[in-house]
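Just a sequence and a predicted model for now, questions to come.
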2 protein chains.
Amino acid sequence: MRDTAPMSDSPLQVELIAVLVAVTGGEPRVLTIQDGLALPSGPLQTGHRSLQAGLSAWVGRQTSHKLGYVEQLYTFAGQSLSEARGISISYLGLTREAPAHLSGALWRGWYEYFPWEDRRQTGALGAALAARLAGWAKGAAGRMARAEGLFGAGWNEELVLPRYELLWEAGLLPEAARHHQTTAPLAPGLEMTHDHRRILATAMARLRAKIKYRPVVFELLDQDFTLLELQQTMEAIAGARLHKPNFRRLIEQQELVEETGRTTQGQAGRPAKLFRFRPAVLAERGIAGTKLPLTR
Amino acid sequence: MRDTAPMSDSPLQVELIAVLVAVTGGEPRVLTIQDGLALPSGPLQTGHRSLQAGLSAWVGRQTSHKLGYVEQLYTFAGQSLSEARGISISYLGLTREAPAHLSGALWRGWYEYFPWEDRRQTGALGAALAARLAGWAKGAAGRMARAEGLFGAGWNEELVLPRYELLWEAGLLPEAARHHQTTAPLAPGLEMTHDHRRILATAMARLRAKIKYRPVVFELLDQDFTLLELQQTMEAIAGARLHKPNFRRLIEQQELVEETGRTTQGQAGRPAKLFRFRPAVLAERGIAGTKLPLTR
DNA sequence: ATAATTTATACTCATTTAGAGTATAATGCA
DNA sequence: TGCATTATACTCTAAATGAGTATAAATTAT
């Protein structure tokens, strides 16, 4: 490809977009600007040693909490006619919620943007949307199967982005309303500018997947925590209830945590042991599980 | 962040880098240029509708095989003093090997660059490197545990990048030799320019992980294939031997494939049934497995 | 004070999945 | 015809998973 004459190598703008996630009071929250309409973003600066370092420094300065974990999400080329041609690089960052120092910045629950992704109480919303989608599905073959697969029984919490895209395609999102002139009532949930809600969906999916095989939950918790706090944080992110005894068994047999020796007090019920994350784990195990029948 | 005055928003160059993978004769191969020294790359073109589309079109034109699967790997900012400041976006693409139309292009086995990642015969190489690393590990605490965890027993085939980075840190790679003036014999394997070998490591890790939970192997096989061919392709990518009966059981119970009704002939041994990929699968299941104890 | 409530923690049991090995079937080739 | 070779079909055991129940130790209400 090197020897292909470039049709154009016009210089481009590079923008960094951050999805900063914290879990506070059992709710996953995301840092927004413009009264919740957009994700924090800004141009790449020359002073930054690397993209990631740039983002980390930036966020650290703005939120007074250092980023425990940063992960690149996706890079895409802006192409809507309104915006100048440029590259956007999005990141997922995990932190704990602190008063936002950034003017106009605001932490909001991520389920305000994706109500149908929260199935901790009932799955009613997803079912309702599935019904709404049934009308749209009449239009073409295969649509019904797709909608049913994504929103119906056999819900897979990682498919945040496909679900969002299906709703877009069905014209049920305000962001898409301009393209498909729909009169139907829209899906519930706040909108965002540009494709920021799409980026949030990507972040949610990534975190829901990641949390299962890398010990990143701990970036969202205080240093000491109870097993219930840990479980509720997981539930908040997965958007689903977990089976308590089995969750504990899983945590124990993975040896991710160790007892601190102390317990909670002053709350209703039996005091809970306080645990901390075993730092050794990060070094020891890189990633958890294969699923191939290896010969040994 | 929007309200932070940019220190500099100087325009940047954007470069696309492709890791094109095929599996031929039971060996994973990667398309290279400059006699194997570099990965194919080129500047982003204005004509492209999206980054991914640009890459697909490009590769399709060059290799006469359409890309079955494309996935973004990583975006990073070039920063070595010698190269102009710019952004590089790397991609993983799966295809089948065809005569490279690109002048100077050459398919090479990816284990030529990462000999220690091939453990289909014996794990001797990894063990040898572990021994070599033991010397380096004397320098500081914790090093031994890291080296042992990555190269020793309990080998995890997904940790390609951490292993590569450890070898770099230990000064055993030619790419790193400039930085750490080492006299020790280097690790085996071909080098690449810039960080291309690092990018290849990222691609290998991504593919090894992906192949376990998304049906992407089929992009690397002919339309019809035997179970042995499927297994050997998986083994080639994972760099490990698989247990044959269990592998078959896994494939069958996942219902990923269906019989074509035909069999192989003309080869030694009993003829094998030919299978094909079940197209429904792609639509049906998005991602395979959760690992959370969900309540139902 | 005592009972009721609440939360934590510890077990049990059935079912499914994974790891390993063995046996039989159908070809080509000497 | 018999041997080497590859395919395919089972069996057995151990471990992981899903679901439910029982007991312990605190706070809160009566």
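Cool, the structure landed.

Does A:L106 touch A:T32 like I think?
Yes. Contact criterion CB atoms under 8 Å: A:L106 and A:T32 qualify, at 5.3 Å. Where you see a C-beta, it was placed from the backbone N, CA and C, and this is true even at glycine.

The two: which is more packed in?
A:T32 (27 against 15; other CB atoms under 10 Å in any protein chain shown).

Could you check how far the more buried one is from A:A18?
Taking CB to CB, to the nearest Å as the measure, A:T32 falls 10 Å from A:A18.

what sits in contact with each of those two?
A:L39, A:P40 (CB atoms under 8 Å, 6 or more residues apart in numbering or on different chains).

Go through stretch A:18-34 and flag the buried ones.
Buried residues in stretch A:18-34, counting neighbours by 16 or more other CB atoms under 10 Å in any protein chain shown, are found at A:18-23, A:27-33.

Can you pull the poorly scored residue ranges out of chain A?
Within chain A, the segments meeting pLDDT under 70 span A:1-12, A:45-49, A:62-65, A:78-85, A:100-103, A:123, A:126, A:177-184, A:281-296.

Can you pull the domain assignment for it?
For chain A, automatic domain parsing gives the domain ranges A:13-111, A:116-189, A:221-284.

Pick out the residue in chain A sitting closest to DNA strand C.
A:G269 (2.1 Å; CB to the nearest atom of the strand).

Make sure that residue is indeed in a helix.
No. Applying DSSP: H, G, I helix; E, B strand; the rest coil, one finds A:G269 to be coil, outside a helix.

Tell me how many other residues surround it.
7.

In contact with it, which residues are there?
Per CB under 8 Å, 6+ apart, neighbours of A:G269: none.

A:Q72 and B:P115: what is the separation?
A:Q72 is 29 Å from B:P115, by CB to CB.

go on, A:N156?
Relative to B:P115, A:N156 is positioned 38 Å away (CB to CB).

go on, A:G36?
In terms of CB to CB, A:G36 sits 52 Å off from B:P115.

what's the answer for A:R241, then?
48 Å.

picking that back up, more crowded one of A:Q72 and B:P115?
A:Q72 (18 against 15).

Apart from its chain neighbours, what residue comes closest to that one?
A:Y91 (5.7 Å; CB to CB, 6 or more residues apart in numbering or on different chains).

so which strand or helix has the one you found?
strand A:86-94 (DSSP states H and E).

Pairing partners for that strand, with directions?
Strand A:86-94 pairs in its sheet with strand A:13-24 (parallel), strand A:69-78 (antiparallel), by DSSP bridges.

Can I get those in CSV including distance to B:L44?
Shown next, in CSV, are the strands paired with strand A:86-94 (distance: least, CB to CB, whole Å):
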stretch, distance to B:L44
strand A:13-24, 12
strand A:69-78, 7
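
Can you show me the helices along chain A?
Residue ranges of the helices in chain A, as given by DSSP state H, are A:51-63, A:124-137, A:143-151, A:160-169, A:174-177, A:196-213, A:227-238, A:244-254, A:280-284.

how about the second one: buried residues?
If you call a residue buried by 16+ other CB under 10 Å, then helix A:124-137 has these buried ones: A:L125, A:G126, A:L129, A:A130, A:R132, A:L133, A:W136, A:A137.

Quick one: work out the angle between it and helix A:143-151.
Here the directions of helix A:124-137 and helix A:143-151 differ by 160 degrees (axes from the mean of the first three to the mean of the last three CA atoms, to 10 degrees).

beta partners for A:L16?
Beta-bridge partners, per DSSP bridges, of A:L16: A:G42, A:I89.

quick one, what contacts it?
So A:L16 contacts A:41-44, A:51, A:54-55, A:58, A:88-91, B:1 (CB under 8 Å, 6+ apart).

Can you redo the residues you listed as JSON lines, where the extra columns are neighbour count and distance to DNA strand C?
Converted to JSON lines, those look like this (neighbours: other CB atoms under 10 Å in any protein chain shown; distance: CB to the nearest atom of the strand, whole Å):
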{"residue": "A:S41", "neighbour count": "19", "distance to DNA strand C": "39"}
{"residue": "A:G42", "neighbour count": "20", "distance to DNA strand C": "41"}
{"residue": "A:P43", "neighbour count": "19", "distance to DNA strand C": "46"}
{"residue": "A:L44", "neighbour count": "24", "distance to DNA strand C": "43"}
{"residue": "A:L51", "neighbour count": "22", "distance to DNA strand C": "37"}
{"residue": "A:G54", "neighbour count": "20", "distance to DNA strand C": "40"}
{"residue": "A:L55", "neighbour count": "25", "distance to DNA strand C": "35"}
{"residue": "A:W58", "neighbour count": "19", "distance to DNA strand C": "37"}
{"residue": "A:S88", "neighbour count": "20", "distance to DNA strand C": "38"}
{"residue": "A:I89", "neighbour count": "25", "distance to DNA strand C": "36"}
{"residue": "A:S90", "neighbour count": "25", "distance to DNA strand C": "33"}
{"residue": "A:Y91", "neighbour count": "25", "distance to DNA strand C": "33"}
{"residue": "B:M1", "neighbour count": "22", "distance to DNA strand C": "38"}
